[in-house]
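**Q** mind looking at a prediction? Sequence and model below.
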Amino acid sequence: MTAASIAGSGVQPPVLDGRPAGSVEIIDLNGLRNIEFGDTEAELTQRGILRTDLDACGPMLAGHDTVSPVFAGDKLVLLWVGDPMRTPEGITAGSPVDQVWSRYPSVTRLRAPQGRYRLDGLLARRGDRAYLFLHDGRTVRKTIAGYADWARRLFDEGAGPC
């Protein structure tokens, strides 16, 4: 009813970076609002969140088109996220690298191996969890969140969610 009254009144919902504020979702070091690192494939499937029936490179998360889960065994260890997902500190695909440094002062610089088409990384670790921001030197291109050891392993080995 409130949405209908706003729509009819000509008042627009708040906008963040050119998108309605309601379209922005937060990925934190626990996961997403209904998905936590450490959840099993069986748990996510039973809750109707994990979809394996789609023609994709791996399982998909219902309602999260820009998120790719990474499992080790049957345990969720990482989430690759794209725009409009952002960290609680406001970092998303397209954020300037300088912003990552200012919001995560203890970030570790990771250099991609020479001679391969791979992006450099910035690892912002907090305990056993971390954000891995893949970047082109100027802007963040991809955000990966989850267990720090798995994020580092993913960067070192160069594997993706597929």
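**A** Nice, thanks for sending it over. This is a predicted model, so every value here is computed, not measured.

**Q** what's the mean pLDDT across stretch 59-73?
**A** In this model, stretch 59-73 carries a mean pLDDT of 87.

**Q** can you give me the helices in this protein?
**A** Under the criterion DSSP state H, helices of the chain are mapped to 2-9, 41-46, 97-103, 148-157.

**Q** output the below-cut-off pLDDT ranges for the chain.
**A** Along the chain, segments meeting pLDDT under 70 span 1-24, 52-57, 115-116, 159-162.

**Q** quick one, strands of it?
**A** Counting by DSSP state E, residue ranges of the strands within the chain are 15-16, 19-20, 25-26, 31-32, 35-36, 50-51, 60-61, 67-72, 75-81, 85-86, 108-110, 120-126, 129-135, 140-147.

**Q** other residues contacting the last one?
**A** I take that to be strand 140-147. For strand 140-147, the surrounding residues in contact (Cβ atoms under 8 Å, 6 or more residues apart in numbering) are 27-29, 31, 37, 70, 76-82, 85-87, 91-97, 100, 119, 128-135, 151, 154. Where C-beta positions appear, they are placed from N, C-alpha and C, glycine not excepted.

**Q** pull up the pairing partners for it, direction included.
**A** If you go by DSSP bridges, strand 140-147 pairs up with strand 75-81 (antiparallel), strand 129-135 (antiparallel).

**Q** save those as CSV, and put in mean neighbour count and distance to Y147 too.
**A** Formatted as CSV, the strands paired with strand 140-147 follow (neighbours: other Cβ atoms under 10 Å; distance: least, Cβ to Cβ, whole Å):
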stretch, mean neighbour count, distance to Y147
strand 75-81, 21, 5
strand 129-135, 23, 6
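
**Q** dump those to JSON lines, plus distance to A112.
**A** Formatted as JSON lines, those follow (distance: least, Cβ to Cβ, whole Å):
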{"stretch": "strand 75-81", "distance to A112": "16"}
{"stretch": "strand 129-135", "distance to A112": "9"}
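
**Q** to R111, which of those strands lies closest?
**A** Smallest distance to R111 across the strands paired with strand 140-147 (Cβ to Cβ): 11.4 Å, for strand 129-135.

**Q** what is the most centrally placed residue in the chain paired to in the beta sheet?
**A** The geometric centre of the chain, computed from its C-alpha atoms, lies nearest to V81 (Cα atoms, centre = their mean), at 2.9 Å. V81 has these beta-bridge partners by DSSP bridges: V67, T143.

**Q** look up how far Q114 lies from it.
**A** Distance, V81 to Q114, using Cβ to Cβ, to the nearest Å: 27 Å.
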